[in-house]
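Participant: Build the 3D model from these lines:
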Amino acid sequence: MKKLINPWLSLVDEGYNCFGCAPHNPCGLKMEFWEDGDDIVSFWNPNDNFQGWLKTLHGGIQATVMDEVGAWVIARKLQTSAVTSNFNIRYRRPIPTGDDVTVEARARLREQKRMLAIIDVTLSVKGRVCSEAELTYYCFPREKAEKDFRFQGCEVED
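Facilitator: Here you go, the predicted structure:
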């Protein structure tokens, strides 16, 4: 696996503060990403601040993690930016919270139809799928992503 370089880190002084991936956001998830073949993967520790029920990860936070890893598929595999246009999630089993829990978020491009990309995402703990989703993104032309969203490409570390 190769770690993805966050292309927005250079925009911190201009307001980059993503809840999902900004490493300096004190309330954020601080997610990092790796490329594993066709997949983009993130390993995230859900501390107790992200609970819904007692010691259980909030479903909205699960959705946020899934949306974030899906967006990084667009950034790395399609080399552009996008917005979520549809999100279908299935919660199969609860995800615990705590410092000793690691959630694996794994996403893959299923298909692309013109400006739409369909991404499959799973959240797993200890190899067991806890939730899964199908996300559809509207992908911007690269020129618009560069001009309006300052996207400069998503590369991996050596």
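Participant: mind saving the C-alpha coords of stretch 58-72 as CSV?
Facilitator: C-alpha atoms of stretch 58-72 as CSV (Å, rounded to 0.1, in the frame of the first residue of the first chain):
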residue,chain,number,x,y,z
HIS,A,58,-22.9,7.2,15.4
GLY,A,59,-24.5,6.3,12.1
GLY,A,60,-23.9,9.8,10.7
ILE,A,61,-20.2,9.6,11.5
GLN,A,62,-20.1,6.2,9.7
ALA,A,63,-21.7,7.9,6.7
THR,A,64,-19.2,10.8,6.9
VAL,A,65,-16.3,8.3,6.9
MET,A,66,-17.8,6.5,3.9
ASP,A,67,-18.4,9.7,2.0
GLU,A,68,-14.8,10.9,2.7
VAL,A,69,-13.1,7.7,1.5
GLY,A,70,-15.4,7.7,-1.6
ALA,A,71,-14.3,11.2,-2.4
TRP,A,72,-10.6,10.2,-2.2
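Participant: can you give me how far that stretch is from the chain middle?
Facilitator: Centre-to-centre, stretch 58-72 and its host chain are 6 Å apart (C-alpha atoms, centre = their mean, to the nearest Å).
Participant: per-residue confidence averaged over that stretch?
Facilitator: Taken as a whole, stretch 58-72 carries a mean pLDDT of 98.
Participant: Spatially, what comes nearest to Ala71 if we skip its sequence neighbours?
Facilitator: Ala82 (6.6 Å; C-beta to C-beta, 6 or more residues apart in numbering). Glycine gets a C-beta too; all of them are placed from N, C-alpha and C.
Participant: gap between the one you found and Ala117?
Facilitator: Distance of Ala82 to Ala117, computed by C-beta to C-beta, to the nearest Å: 7 Å.
Participant: which residues do these two both contact?
Facilitator: Residues touching both Ala82 and Ala117 (C-beta atoms under 8 Å, 6 or more residues apart in numbering): 74, 137, 139.
Participant: Export those to TSV and append columns for secondary structure.
Facilitator: Below are those laid out as TSV (DSSP: H, G, I helix; E, B strand; the rest coil):
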residue	secondary structure
Ile74	helix
Tyr137	strand
Cys139	strand
